[in-house]
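> My questions concern the predicted model and sequence given below.
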Amino acid sequence: QVQLVESGGGLVQAGGSLRLSCAASGRTFSSYAMGWFRQAPGKEREFVAAITRTSSGTYYADSVKGRFTISRDNAKNTVYLQMNSLKPEDTAVYYCASTRTIAIREWQYDYWGQGTQVTVSS
């Protein structure tokens, strides 16, 4: 079992940046692909970004491509989401999740963190 804990959320003005972190427990972090999802008020949870086990590949939602960067440090059991040029529509609770093979669909992920709030003011 994998336990995931997100951090780094907060309030930022439009155009600003935040870096989210997701720390994973256990010795098998490098065996999992990782993803970030988000859920805005009144909306369904949506895919944001994903990264392979070895960082050899990444996927992004069109809405964040060019502004967000996913990365990981397997020695630290941590995955990151660097968010630049933030927009008010990026406001959401952001979740990290783990899966055996890189994926973009929510149902393909096995373990989830509790989420961290990101609020972008205009």
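That came through, no problem. Residues are numbered from 1 along each chain as shown.
> how close does the closest residue in space to Tyr60 that isn't next to it in sequence get to Asn84?
Leaving aside its sequence neighbours, Tyr60 sits nearest to Ala49 (CB to CB, 6 or more residues apart in numbering; 5.0 Å). Backbone N, C-alpha and C define where each C-beta goes, glycine included. Distance, Ala49 to Asn84, using CB to CB, to the nearest Å: 13 Å.
> contacting residues for the residue of the chain most remote from its centre?
Centroid-distance maximum for the chain: Ser122 at 22.4 Å, with CA atoms, centre = their mean. Shown in contact with Ser122 (CB atoms under 8 Å, 6 or more residues apart in numbering): 14, 88.
> Mind doing that once more with 10 Å?
Going by CB atoms under 10 Å, 6 or more residues apart in numbering, Ser122 touches 13-15, 87-89, 91.
> ranking the residues you listed by neighbours, who comes first?
Scoring the contacts of Ser122 on neighbours with other CB atoms under 10 Å, the highest-scoring entry is Thr91 at 18 neighbours.
> Would you mind confirming that that residue makes contact with Ser121?
Yes: when contacts are counted by CB atoms under 10 Å, Thr91 is listed as touching Ser121 (8.5 Å).
> ok, now how distant is the closest residue to Gln13 other than its chain neighbours from Glu46?
Counting by CB to CB, 6+ apart, Ser121 is the residue found nearest to Gln13 once chain neighbours are left out, at 5.5 Å. Distance, Ser121 to Glu46, using CB to CB: 21 Å.
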